[in-house]
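**Student:** Sequence and computational prediction follow.
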Amino acid sequence: MTTPTDSTPPKPTRLAPIVTLDAKFFWDAADQGEFVGERCAECRQFRFPPRPMCPHCHSVKREVVKLSGRGTVYTWIQPRHPTPFGFKEPPIVATIELEEGYRLVSNLYDIPLEQVQPGLPVEVFFAPTMGNHQVPVFRPRAK
């Protein structure tokens, strides 16, 4: 029988993502540490959230592409009430404008709330969740 030691990382308390059929590709890639998106195979427009039909040309053909993982902070908030489940401290919830031209809601790490500003360059990394899954989150980009 093994016992926890000081070097054993704590178990994640963050809830695992809710996976829908349309977004399964995204969460499967995140579990592998890959940041991917969906693009229309006809008109080449990115579409988010994932959906069966392109909102631009109505094609049902899609392709999964690796994303750069870079973007900028568009807006942010730190919800305090009710206390967010699964977090030691209230998280910074941010809308990230990805280089690919669409926005994604995620969390910011490694920066105090007071230092967040519009246009802050950020990069993706993955935070563990319950059930051995991962979610994409962002931190300030090294200059």
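**Tutor:** Ah, there it is.
**Student:** Give the bridge partners for Val93, please.
**Tutor:** According to DSSP bridges, Ile77, Asn107 are recorded as the beta-bridge partners of Val93.
**Student:** what's the lowest-mean-pLDDT helix or strand in the chain packed up against?
**Tutor:** Confidence across the helices and strands of the chain bottoms out at strand 46-47, with a mean of 92, counting by mean pLDDT, DSSP states H and E. Of the remaining helices and strands, those touching strand 46-47 by 3 or more C-beta pairs under 8 Å, 6 or more residues apart in numbering; DSSP states H and E are strand 36-40. C-beta coordinates here come from the backbone N, C-alpha and C atoms, glycine included.
**Student:** what's the strand it packs on packed up against?
**Tutor:** Using 3+ C-beta pairs under 8 Å, 6+ apart as the contact criterion, the elements in contact with strand 36-40 are helix 24-31, strand 46-47, strand 62-66.
**Student:** okay, these in JSON lines with distance to Met130 next?
**Tutor:** Listed next are the helices and strands packed on strand 36-40 as JSON lines, based on distance: least, C-beta to C-beta, whole Å:
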{"stretch": "helix 24-31", "distance to Met130": "13"}
{"stretch": "strand 46-47", "distance to Met130": "29"}
{"stretch": "strand 62-66", "distance to Met130": "25"}
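**Student:** Now render the ones you listed as JSON lines, adding distance to Asn132 and mean neighbour count.
**Tutor:** As requested, those are exported to JSON lines (distance: least, C-beta to C-beta, whole Å; neighbours: other C-beta atoms under 10 Å):
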{"stretch": "helix 24-31", "distance to Asn132": "8", "mean neighbour count": "17"}
{"stretch": "strand 46-47", "distance to Asn132": "28", "mean neighbour count": "17"}
{"stretch": "strand 62-66", "distance to Asn132": "22", "mean neighbour count": "13"}
